[in-house]
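Q: A predicted structure for the sequence below; I have some questions about it.
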2 protein chains.
Amino acid sequence: MAKIDVELIKQLRDRTGLGMMDCKKALIETGGDVEQAVDLLRKKGAAVAAKRSEKATSEGLVHAYIHPGNQVGVLLELNCETDFVARTEDVKNFAHDICLHIAAIKPLYLNPEDVDPKFLEHEKGIMKEQLAGAGKPEKMIDQIVEGKVKKLYSDICLMKQQFVKNDQMTIEEVLEELIGKTGENIKIRRFARFEIGA
Amino acid sequence: MAKIDVELIKQLRDRTGLGMMDCKKALIETGGDVEQAVDLLRKKGAAVAAKRSEKATSEGLVHAYIHPGNQVGVLLELNCETDFVARTEDVKNFAHDICLHIAAIKPLYLNPEDVDPKFLEHEKGIMKEQLAGAGKPEKMIDQIVEGKVKKLYSDICLMKQQFVKNDQMTIEEVLEELIGKTGENIKIRRFARFEIGA
């Protein structure tokens, strides 16, 4: 019988609520793959609820802001290392400021990596035609487009935007300042911005 | 010169802020396609900001709920026909109840149509193997799977879930009741649910 790490058996038990031996057997069959073991147990008829795979937990806080008039609302999740830091006024104030910023400045994405590649290609195509139409030499165009893409990121990506309360800093820089102050890694994990009719 | 509807020219002006004649010319070139006309004008160098195409506006409200402890938050957008109805206590209370429901019951999607097709196929595959393993005749399996998919929708789709404050009704039915009461079409347009570590 292959050796299966006790930690994996524990994970599978937590996921499925089934007994140690069933979990161990399933893990042996799947070579230690927990996700596959969940599927295997379900195929065999175990009453395991379909659910999203668990992600690594962390501490943090969820904050919301509804702009007066109820036409714009923002939801924000911040992650940090300890619950203690999540409860500090510094972190709460930061969360609130970022929500106000998102309500006002309307970022579409968190980071440049999140930008829809199709949208990006479309925008780049337009930039290139603009530059070609303006008579720019071909060898310069790629370089200029690179600069324009950077500018686009600073328009639509939260982390690259200038902070609405201090346009000398990007959101990224405001966050770095907070990290320095609290001595703990802090991340903006996600945000949602809903606006009536938009 | 082809005839271009004045309404289209007005739309393009609203989008771009450019003059009537420029808009008309661009629309003639694109055979009346507003989106293409926007791209064309941008390629020619017009300073038109990249933005999402405008969607039909409507009235409504955005509501948020943060569960005590700040580990779970919900953002919800309701649409209705008039601002007057959006401001009624009935609609506000409904929005709040739906946020509480989402916080507690954790729907993954708004409607069955929104369920990720890959996820659905994966779940159906598991159901079929379960049933085959349990010795169900093949001709019955599709029918049973259909029933199980309905059950899955009522687990993960907000509109099909049993209302947390009255499990005799689905959210869909609670909404229909509100529509009857206000005499106005009301829609749940979208929601977001953030939870630390999930």
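A: Cool, got the structure.
Q: neighbours around A:Glu35, how many?
A: Using other C-beta atoms under 10 Å in any protein chain shown, A:Glu35 has 11 neighbouring residues. In short, each C-beta sits where N, CA and C put it, glycine included.
Q: now do A:Asp142
A: Residues within reach of A:Asp142, counting by other C-beta under 10 Å, total 11.
Q: Tell me which helix or strand it sits in.
A: helix A:138-156 (DSSP states H and E).
Q: contact partners of that helix?
A: A:107-109, A:112, A:115, A:120, A:123-124, A:127-128, A:131-132, A:136, A:160-162, A:170, B:50 (C-beta atoms under 8 Å, 6 or more residues apart in numbering or on different chains).
Q: can you rerun that using 7 Å?
A: A:107-109, A:112, A:123-124, A:127-128, A:131-132, A:136, A:160-161, B:50 (C-beta atoms under 7 Å, 6 or more residues apart in numbering or on different chains).
Q: And the residues you listed, which of them are buried?
A: With burial judged by 16 or more other C-beta atoms under 10 Å in any protein chain shown, the buried subset of the contacts of helix A:138-156 is A:107-109, A:112, A:123-124, A:127-128, A:131, A:160-161.
Q: Looking at those, which are in helices?
A: A:123-124, A:127-128, A:131 (DSSP state H).
Q: Now do the phi/psi pair for the residue lying closest to A:Ala86 once chain neighbours are set aside.
A: Of all residues not flanking A:Ala86 in the chain, A:Leu61 sits nearest, at 4.8 Å (C-beta to C-beta, 6 or more residues apart in numbering or on different chains). Main-chain torsions, A:Leu61, degrees, to the nearest 10: phi -150, psi 150.
Q: same thing with A:Phe194?
A: The phi/psi pair for A:Phe194 (degrees, to the nearest 10) is phi -110, psi 140.
Q: That one - nearest residue in space that isn't next to it in sequence?
A: In this structure, A:Phe194 finds its nearest non-sequential neighbour in B:Glu77, 4.3 Å apart by C-beta to C-beta, 6+ apart.
Q: Quick check: that neighbour is in a helix.
A: No. Counting by DSSP: H, G, I helix; E, B strand; the rest coil, B:Glu77 is not part of a helix but strand.
Q: I'd say it and A:Glu195 touch.
A: No. The pair B:Glu77 and A:Glu195 fails to qualify as a contact (C-beta atoms under 7 Å) at a distance of 8.2 Å.
Q: the more surrounded of these two?
A: Neighbours of B:Glu77 and A:Glu195, each counted by other C-beta under 10 Å, are more numerous for B:Glu77; the result is 24 against 16.
Q: from what I can see A:Asp90 touches A:Ile179, true?
A: No. If you go by C-beta under 7 Å, A:Asp90 and A:Ile179 don't touch, sitting 10.5 Å apart.
Q: rewinding a little: what pLDDT is listed against the residue nearest to A:Phe194?
A: The model reports B:Glu77 with a pLDDT of 97.
Q: List the residues that contact it.
A: A:194, A:196, B:60, B:62, B:189-190.
Q: what's the one helix or strand A:Leu175 maps to packed up against?
A: In this structure, A:Leu175 sits in helix A:171-182 according to DSSP H and E. With contacts taken as 3 or more C-beta pairs under 7 Å, 6 or more residues apart in numbering or on different chains; DSSP states H and E, helix A:171-182 sits against helix A:89-105, strand A:186-195.
Q: where are the low-confidence patches of chain A?
A: Per-residue confidence for chain A (pLDDT under 70) gives these ranges: A:1-2, A:46-57.
Q: Next to chain B, which bits of it? Give me the list.
A: Within chain A, the positions near chain B by C-beta under 7 Å from any C-beta of the partner chain are A:39, A:42-45, A:50, A:55, A:57-64, A:66, A:70-73, A:75, A:77, A:123, A:126, A:129-130, A:133-134, A:152, A:190, A:192, A:194, A:196-198.
Q: at 6 Å what do you get?
A: Neighbours of chain B within chain A, by C-beta under 6 Å from any C-beta of the partner chain: A:42-43, A:45, A:50, A:57-58, A:60-62, A:64, A:66, A:70, A:73, A:75, A:77, A:123, A:126, A:129-130, A:192, A:194, A:196-197.
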